[in-house]
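> I'd like to go over a predicted model; first the sequence, then the structure.
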Amino acid sequence: MVFVPGTALPLHDFAAPRRIIRRGHRSFLRRMAGVLVPGLLVAVGYMDPGNWATDIAAGSAFGFDLLFVLVAASLAAIVLQSLALRLGIASGLDLAQACRHRYGTTANVALWLLAELAIVATDVAEVLGGALAIQLLLGLPLWAGIVLTAGDTLIVLGLEGRGFRRMEAIVAALVGTIALCFLIELLIVPPDGPALVAGLAPDLKRLAQPGALALAVGIVGATVMPHNLYLHSSIVQCAAPAPGETGKRRAIRDANMGSAIALLLAMVINGAILTLGAGAFHMTGHTQVAGIDDAYRLLSPITGTTAAALFFGIALLASGQSSTFTGTLAGQIVLEGFLQLKIPLWQRRMITRLIAIVPAMAGAILLGDHAVGGMLVASQMVLSLQLPFAIWPLVRASRDPAIMGGLATSRLHAACAWLILAVISLANLWLVYDVVTYGML
């Protein structure tokens, strides 16, 4: 196949929203709506149950001490997602397609397997989070909740063929639900202002506390998610730019603005979760709340109102469901981009969910319900370990004039991405060393 810069390989209809939005002149507000929605779809992955587990555990154990890690990881995510959207708009390729053109078969298969591992790890967190929400809200056993999470395939099947806008509306409503619930939570449990401000100040010495590094790496893995880089580079192409380099530059600028707004919203929500853990648990002496279920059960007696636990459970359920859609799209983009293999969207959803259910069910049965918190944090560590294998090809591809033309990433932007890659890699190596040396996280 001969690659012509600026052309895109065809994707599955559901994963190729660019067909829905027509070219033409649009008002600023309509144009921004077109680029904000892809940003929201990506931001959903930054609010999944895995984030909840790491943020609650961090807030409970260390108060606001790790808040600076969350903010730094969120800013790093904005930088990396900016590279992904630039690649998609400038070249017409998503990251998986770009890798297939740049690397040989062995490297592509390896990158595909690593990307699939990250998607499965994300889905494990969604399964556990959704099952926990069902258990907490309906009183069902955890294993029953895990089985019921397979039913979201029916939702995806129902949406297939109904247009990308339908999914956009559902995801936007779920994100709004999460934001509203945590706004209410913070009204019930107001944060300690001075402690919050102090937690924003970077201090690497805080990572030397026992268990702090593992949670910090989990926060990074939960915030900067590998599959989102593949997803963003594809769905950002829905905002078809005007012809020529000038039109693409404008599209990149608008997409960056929409992405930054959406990811800052995700940062605020994640910060609210950590703040809730710090205010409701750490400040009241409950420093060992590592599980979402424990957090749910303690909220009512600590705050003196059942509303806190109720809104917490509703937000958790919305979080798991919203992440399902974007995880499915990312999986299909990765499969088509690396292997040029097309399967119906519901089949992709079913395969990923069935694979994720196995470790989730095994952990729930063998380790018990209280092991769910640790499993969620572990899933986010897996994501952090996979990150370098997505960042490296992204930076290289976005700097390649052969596919980017005159819109290749600047040296400064690339330097920031390389620095992020180095920091994440060192943190991962540090964590692996700790696990090998001490045999525990």
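Arrived safely, thanks for sending. Residues are numbered from 1 along each chain as shown.

> now stretch 195-206, how far from the chain's geometric center?
Relative to its chain's centre, stretch 195-206 lies at 24 Å (C-alpha atoms, centre = their mean, to the nearest Å).

> swap in stretch 117-127?
Computed by C-alpha atoms, centre = their mean, the chain-centroid distance of stretch 117-127 equals 10 Å.

> and if you look at stretch 286-294?
Using C-alpha atoms, centre = their mean, the offset of stretch 286-294 from its chain centre is 22 Å.

> list the contacts of it.
49, 52-53, 56-57, 60-61, 129, 132, 135-136, 277, 280-281, 295, 298, 302, 316, 369-370, 372-374, 376-377 (C-beta atoms under 8 Å, 6 or more residues apart in numbering). Every C-beta, even on glycine, is put in place using the N, C-alpha and C of the backbone.

> number of nearby residues for Leu114?
When neighbours are defined as other C-beta atoms under 10 Å, Leu114 has 18 of them.

> from Asp203, how far out is the nearest residue to it once chain neighbours are set aside?
Of all residues not flanking Leu114 in the chain, Phe389 sits nearest, at 4.7 Å (C-beta to C-beta, 6 or more residues apart in numbering). The gap separating Phe389 from Asp203 is 30 Å, by C-beta to C-beta, to the nearest Å.

> same check on Gly50?
Counting by C-beta to C-beta, the gap from Gly50 to Asp203 is 25 Å.

> could you verify my assumption that the residue nearest to Leu114 touches Leu229?
No - counting by C-beta atoms under 8 Å, Phe389 stays clear of Leu229, with 10.5 Å between them.

> the more surrounded of those two?
Regarding Phe389 and Leu229, a neighbour count based on other C-beta under 10 Å identifies Leu229 as having more, with 28 against 16.

> packing partners of the strand or helix carrying the more buried one?
If you go by DSSP states H and E, Leu229 is part of helix 226-235. For helix 226-235, the helices and strands in contact under the criterion 3 or more C-beta pairs under 8 Å, 6 or more residues apart in numbering; DSSP states H and E are helix 28-44, helix 67-91, helix 95-102, helix 105-138, helix 306-339, helix 388-398.

> and of those, who's closest to Pro359?
In terms of C-beta to C-beta, the element of the helices and strands packed on helix 226-235 nearest to Pro359 is helix 105-138, at 5.8 Å.

> list the buried residues in the next helix or strand after the closest one.
Next along the chain after helix 105-138, taking DSSP H and E as the criterion, comes helix 142-149. Neighbour counts using 16 or more other C-beta atoms under 10 Å place 142, 145-147, 149 of helix 142-149 among the buried residues.

> now stretch 349-368
Applying 16+ other C-beta under 10 Å to stretch 349-368 flags 349-353, 356-357, 359-361, 363-364 as buried.

> tell me the mean pLDDT for that stretch?
For stretch 349-368, the mean pLDDT works out to 78.

> now do stretch 422-438
79.

> export it to CSV, keeping only CA atoms.
What follows is stretch 422-438, C-alpha atoms only, in CSV (Å, rounded to 0.1, in the frame of the first residue of the first chain):
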residue,chain,number,x,y,z
ALA,A,422,11.8,9.9,30.9
VAL,A,423,10.0,10.7,34.1
ILE,A,424,7.4,8.0,33.7
SER,A,425,10.0,5.4,32.7
LEU,A,426,12.1,6.3,35.8
ALA,A,427,9.1,6.1,38.0
ASN,A,428,8.2,2.7,36.6
LEU,A,429,11.7,1.4,37.0
TRP,A,430,11.7,2.7,40.6
LEU,A,431,8.4,0.9,41.3
VAL,A,432,9.7,-2.4,39.7
TYR,A,433,12.8,-2.1,41.8
ASP,A,434,10.8,-1.7,45.0
VAL,A,435,8.6,-4.7,44.1
VAL,A,436,11.5,-6.9,43.3
THR,A,437,13.5,-5.8,46.4
TYR,A,438,10.8,-5.7,49.0
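
> going forward can the numbers begin at 15, since that is how I track them
Understood, numbering begins at 15; the last thing we discussed is stretch 436-452.

> what comes up buried for it?
Within stretch 436-452, judged by 16+ other C-beta under 10 Å, the buried ones are 438-439, 441-442, 445, 448.

> those in helices, which ones?
Residues of the buried residues of stretch 436-452 located in helices (DSSP state H): 438-439, 441-442, 445, 448.

> next SSE downstream of the helix or strand bottoming out on mean pLDDT in the chain?
Least confident helix or strand, the chain: helix 166-173 with a mean of 56, by mean pLDDT, DSSP states H and E. Going down the chain from helix 166-173, the next helix or strand is helix 178-202, by DSSP H and E.

> please give me every residue in contact with the nearest residue to Ser439 once chain neighbours are set aside.
Nearest in space to Ser439, with sequence neighbours left out and distances taken as C-beta to C-beta, 6+ apart, is Pro402 at 5.2 Å. By C-beta under 8 Å, 6+ apart, the residues touching Pro402 are 435, 438-439, 442.
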